[in-house]
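In: sequence plus the predicted model coming up.
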Amino acid sequence: METKAKWVFDKAHTGIGFKVKHLMISNVKGSFSKYDAEILTEGNDFTTATIKFRMEAGSVDTANADRDKHLKSPDFFDAEKYKDITFTSTSLKKADDENYKLTGDLTIKGISKNVTLNVEFGGVVKDPWGNEKAGIMLTGKVYRKDWDLNWNVPLEAGGVLVGEEVSINIEAELQKVKE
């Protein structure tokens, strides 16, 4: 049995993003600037990975200060009361050589729901400084009302101001922690 390897985000090469419909006609994109993860694998075998991921709700950034303030309020993330959004994996299943299905518990505002994300594995390489790196891209969709993120405004022409479906996009470069 190989030794457990610990991997963390290389924050210079990682982005945690999302998008949601606005006025039913366009998307608003956002990201989180404060986050961390701990990924444990048997050696470099990511099929054995266990993943714990955390981001600070108050670090949400949509490039609009008023919208960010609203997202941090009790209408959405209630970042004063619920500081962190977390994900803890429960399974990782290989679909083919580069693709996996990652299932786990996503907790927002103290509410945990089981979600499945698509994972594209880019492989493992050594950088010019001898560090082992792995590339992953996670994508998926969640419904914000599942986490009591219910705020909205009906539109005169029909529909709502903010869509219910949120697309997740995480592009990550992981670095193996040297022992």
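Out: Yep, it's here.
In: low-confidence ranges, the protein, go.
Out: 1-2, 155, 160 (pLDDT under 70).
In: mind doing that once more with 90?
Out: Within the chain, the stretches with pLDDT under 90 are 1-4, 21-26, 43-48, 94-98, 123, 148-165, 178-179.
In: which residue ranges form the strands in it?
Out: 4-9, 15-22, 26-32, 35-42, 45-56, 60-61, 84-94, 99-108, 111-126, 132-143, 162-176 (DSSP state E).
In: tabulate the ones you listed (a markdown table), appending mean neighbour count and distance to Arg67.
Out: (C-beta placed from N, C-alpha, C; glycine too.) Below are the strands of the chain laid out as a markdown table (neighbours: other C-beta atoms under 10 Å; distance: least, C-beta to C-beta, whole Å):
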| stretch | mean neighbour count | distance to Arg67 |
| --- | --- | --- |
| strand 4-9 | 18 | 25 |
| strand 15-22 | 18 | 10 |
| strand 26-32 | 15 | 8 |
| strand 35-42 | 17 | 20 |
| strand 45-56 | 17 | 17 |
| strand 60-61 | 20 | 9 |
| strand 84-94 | 16 | 17 |
| strand 99-108 | 18 | 18 |
| strand 111-126 | 15 | 22 |
| strand 132-143 | 17 | 19 |
| strand 162-176 | 18 | 10 |
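In: turn these into a markdown table, columns for distance to Leu149.
Out: Formatted as a markdown table, those follow (distance: least, C-beta to C-beta, whole Å):
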| stretch | distance to Leu149 |
| --- | --- |
| strand 4-9 | 25 |
| strand 15-22 | 10 |
| strand 26-32 | 13 |
| strand 35-42 | 19 |
| strand 45-56 | 15 |
| strand 60-61 | 12 |
| strand 84-94 | 11 |
| strand 99-108 | 7 |
| strand 111-126 | 9 |
| strand 132-143 | 9 |
| strand 162-176 | 8 |
